[in-house]
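Trainee: Model the following, please.
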Amino acid sequence: MSKKRKNHKAAFKAKVALAAIRSEQTIGEIASQYSVHVSQVSAWKKTVLDNLEAIFEGNFSSLNQKDDVLIKDLHAKIGELTVERDFLEGALNRIR
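Mentor: Numbering: from 1, shown residues only. Have a look, this model is predicted:
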């Protein structure tokens with residue numbers, strides 16, 4: 001039986017991360033309370049703490065710039081792989 005992945009909304013992630021930052025409960029207790037994995041709670045907490053500076057600077061665009069660079073890199077890689085696949089497909093068709 002395969003487990004279905006849950007997609008949590010940003011508000012839920014923020015609530016869980018804030019609970020972890022407050023440290024009124026252990027990470028394990030928080031994970032149990034919100035029915036998420038301990039490592040997920042830790043990851044959301046780390047994300048919040050890593051981006052606090054940008055929030056106080058009012059520079060939310062710096063968060064999006066990181067994503068934009070990653071997206072450009074991924075699109076470039078997709079293009080390379082598409083060209084490679086097409087080339088190999090053509091070579092395979094010539095052999096047949």
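Trainee: Tell me where the model's unsure across this protein.
Mentor: Residues of the chain that meet the criterion pLDDT under 70 lie in 1-3, 59-64.
Trainee: quick one: the helices in it?
Mentor: Counting by DSSP state H, the chain has helices at residues 10-22, 27-34, 38-50, 52-57, 61-95.
Trainee: Of those, give the one that comes closest to residue 4.
Mentor: Among the helices of the chain, the nearest to residue 4 by Cβ to Cβ is helix 38-50 (15.1 Å). Heads up, the C-betas are built off the backbone N, CA and C, glycines and all.
Trainee: Show me the contact partners of the closest one.
Mentor: Helix 38-50 is contacted from outside by 13, 14, 16, 17, 18, 20, 21, 27, 28, 30, 31, 34, using Cβ atoms under 8 Å, 6 or more residues apart in numbering.
Trainee: Count the residues that sit near the fourth one.
Mentor: A total of 20 residues lie near residue 17 under the criterion other Cβ atoms under 10 Å.
Trainee: how's this protein carved up into domains?
Mentor: Following automatic domain parsing, one finds the domains of the chain at 8-50, 59-96.
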